[in-house]
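Participant: One predicted model, sequence on top.
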Amino acid sequence: MRDDERQPPATDGHEGAAERRAAPARPRVRLRGWGGIAAMAALCALAAIGALCLPGARAGAPSSGHDGVTAAPAPGASAAGYRSADGSCPYAYDRSASDKDDDAIVEEIRTRREHPGLPRGKLVVGVDQNSYRWGFRNPQRDGNNDIEGFDIDLAHAIAKDLLGDPDALVLRAIPTNRRVQAVADHDVDMVVRTMTITCRRLKDVSFSTPYFRTTQRIIVPRGSSVDGFNASLTGKRLCSADSSTAENVLTEGFKDKVELVSVPNQLDCLVRLQLGEVDALVTDGALGEGQLAQDPSLDMQGGPDENNPADRDSPAWEYYGIAMNQDSPQLVARVNKILEDFRADQWQATYTKWFGAGEKVEPPKADVKINLGTP
């Protein structure tokens with residue numbers, strides 16, 4: 001049976017340094033700790049604010065009117081500094097795959113000779129516990145409050161391939177701004193946590209081939225004057241997760257036009273939006289779909305039509321990958337092979353399980369062109 005570490009690592013002033021070091025200094029409001037999650041727990045106790053509670057019974061259903069999880073943002077959003085015009089990046093991104101059973105990989109996981117701080121015989125995976133449909137605790141399913149979601153199912157598939165047991169797994173909940181550091185410090189074997197492949201992150205970690213395509217979106221209350229990544233954002237108070245690509249879009253594309261509230265996790269932004277503390281939040285469209293499913297009073301803005309041929313090759317597209325340590329090229333190649341099999345045999349069923357059987361969506365190809373952005 002898999003282990004599930006229920007307490008996220010404590011946050012401190014050094015958190016996420018690897019993800020933040022390339023970012024320019026910018027003014028912002030810092031909201032510390034897990035106060036937003038605590039506020040959410042308190043509000044869930046109030047029947048009048050049921051929208052804040054995770055609706056586990058709807059886990060397999062698409063949100064009304066938003067079953068196209070891969071919708072894109074307005075092309076203007078791609079002007080943000082973390083996206084280069086030509087997609088150049090000086091850091092290596094090796095997409096090679098290997099189906100060779102590498103005994104050294106399994107032996108290290110079983111013995112932990114190199115990294116004795118990790119549990120023997122278990123794959124340790126950094127995940128989210130606050131993103132509905134991706135990685136979240138569902139108190140309504142079996143009463144065990146386990147973490148579940150698309151990323152969690154993928155982590156189980158990797159554990160099964162590597163160790164022969166899908167439950168030979170430790171799920172370690174980490175905040176957004178700890179993802180790179182957790183991998184670099186060998187606190188985890190890998191991070192499977194809606195993590196966009198970017199040039200800046202390739203400086204510090206290795207990525208697998210992509211397993212999901214998404215883009216930045218704006219979540220607002222219905223009737224808001226905000227209608228995209230444009231002048232309608234001017235003067236607004238916007239929330240994003242610290243060290244996220246959403247934060248980069250706002251700080252580098254709109255830093256003199258908006259007030260940014262930065263929090264440890266994107267769910268904290270949802271709580272603040274519901275409480276009226278911010279005007280909008282910016283997050284990946286894939287995560288935004290889960291937020292709309294949690295609260296139907298919200299709307300999503302900033303995206304051309306996925307079915308519009310003119311938008312299909314937009315540089316605004318982002319791709320999720322699995323982050324691993326740069327000293328583990330054999331593990332990266334093995335995971336790339338596992339992803340090949342996952343795309344072919346399990347991806348569609350997993351997608352339907354968590355997002356519904358609406359609009360047909362296919363996984364990205366391993367060799368898809370990715371605009372990695374600037375270092």
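Facilitator: On my side now, so go ahead.
Participant: per-domain residue ranges of the chain.
Facilitator: 26-44+66-87+214-311, 103-212+319-355 (automatic domain parsing).
Participant: For the longest one, measure first residue to last.
Facilitator: Pointing back at domain 103-212+319-355 there. Counting by C-alpha to C-alpha, to the nearest Å, you get 36 Å between the two ends of domain 103-212+319-355.
Participant: Repeat that for stretch 146-153.
Facilitator: Start-to-end span of stretch 146-153 (C-alpha to C-alpha) is 12 Å.
Participant: Let's verify residue 120: helix, strand, or coil?
Facilitator: coil (DSSP: H, G, I helix; E, B strand; the rest coil).
Participant: my read: it touches residue 112, true?
Facilitator: Yes - applying C-beta atoms under 8 Å, one finds residue 120 in contact with residue 112, separated by 5.1 Å. Any C-beta I mention is one placed from the backbone N, CA and C, and that applies to glycine too.
Participant: where are the low-confidence patches of the stretch 1-150 of the chain?
Facilitator: The stretch 1-150 of the chain contains residues with pLDDT under 70 at 1-87, 143.
Participant: can you give me the helices in this protein?
Facilitator: Remark: helices assigned in the chain by DSSP state H are 17-20, 35-44, 103-111, 150-163, 179-184, 199-202, 245-253, 266-274, 285-294, 329-345, 347-355.
Participant: Looking at the ones you listed, which is nearest to residue 144?
Facilitator: With distances scored as C-beta to C-beta, the stretch of the helices of the chain nearest to residue 144 is helix 150-163 (13.2 Å).
Participant: coming back round to it: including mean neighbour count, could the helices of the chain go into JSON lines?
Facilitator: Listed next are the helices of the chain as JSON lines, based on neighbours: other C-beta atoms under 10 Å:
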{"stretch": "helix 17-20", "mean neighbour count": "20"}
{"stretch": "helix 35-44", "mean neighbour count": "16"}
{"stretch": "helix 103-111", "mean neighbour count": "15"}
{"stretch": "helix 150-163", "mean neighbour count": "23"}
{"stretch": "helix 179-184", "mean neighbour count": "23"}
{"stretch": "helix 199-202", "mean neighbour count": "23"}
{"stretch": "helix 245-253", "mean neighbour count": "24"}
{"stretch": "helix 266-274", "mean neighbour count": "26"}
{"stretch": "helix 285-294", "mean neighbour count": "25"}
{"stretch": "helix 329-345", "mean neighbour count": "19"}
{"stretch": "helix 347-355", "mean neighbour count": "18"}
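Participant: Nearest to residue 318 among these would be which one?
Facilitator: helix 245-253 (6.2 Å).
Participant: neighbour count winner among residue 120 and residue 112?
Facilitator: Neighbours per residue, other C-beta atoms under 10 Å: of residue 120 and residue 112, the larger number sits with residue 112, 16 against 11.
Participant: tell me the contacts of that one?
Facilitator: By C-beta atoms under 8 Å, 6 or more residues apart in numbering, residue 112 lies in contact with 118, 119, 120.
Participant: try 6 Å
Facilitator: Counting by C-beta atoms under 6 Å, 6 or more residues apart in numbering, residue 112 touches 118, 120.
Participant: what's the answer for residue 338, then?
Facilitator: For residue 338, the contact set (C-beta under 6 Å, 6+ apart) comprises 158, 161.
Participant: Could you do residue 98 as well?
Facilitator: Taking C-beta under 6 Å, 6+ apart as the criterion, residue 98 is in contact with 333, 334, 337.
Participant: Distance of the second one relative to residue 189?
Facilitator: Distance, residue 334 to residue 189, using C-beta to C-beta, to the nearest Å: 11 Å.
Participant: same deal with the first one?
Facilitator: Going from residue 333 to residue 189 by C-beta to C-beta gives 14 Å.
Participant: Could you do the last one as well?
Facilitator: From residue 337 across to residue 189, the span is 16 Å (C-beta to C-beta).
Participant: quick one, which of the helices of the chain is nearest to residue 368?
Facilitator: The nearest among the helices of the chain, by C-beta to C-beta, is helix 329-345 at 11.3 Å.
Participant: Convert that closest one to PDB, retaining C-alpha atoms only.
Facilitator: The C-alpha atoms that make up helix 329-345 are tabulated as PDB, following Å, rounded to 0.1, in the frame of the first residue of the first chain:
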ATOM      1  CA  PRO A 329      20.000  10.800 -16.900                       C
ATOM      2  CA  GLN A 330      19.300   7.100 -16.800                       C
ATOM      3  CA  LEU A 331      16.100   7.700 -14.800                       C
ATOM      4  CA  VAL A 332      15.000  10.500 -17.200                       C
ATOM      5  CA  ALA A 333      15.400   8.200 -20.200                       C
ATOM      6  CA  ARG A 334      13.500   5.400 -18.400                       C
ATOM      7  CA  VAL A 335      10.700   7.800 -17.500                       C
ATOM      8  CA  ASN A 336      10.500   9.000 -21.100                       C
ATOM      9  CA  LYS A 337      10.000   5.400 -22.100                       C
ATOM     10  CA  ILE A 338       7.300   4.900 -19.500                       C
ATOM     11  CA  LEU A 339       5.600   8.100 -20.800                       C
ATOM     12  CA  GLU A 340       5.600   6.600 -24.300                       C
ATOM     13  CA  ASP A 341       3.700   3.600 -23.000                       C
ATOM     14  CA  PHE A 342       1.400   5.800 -20.900                       C
ATOM     15  CA  ARG A 343       0.500   8.000 -23.800                       C
ATOM     16  CA  ALA A 344      -0.400   5.000 -25.900                       C
ATOM     17  CA  ASP A 345      -2.200   2.900 -23.400                       C
END
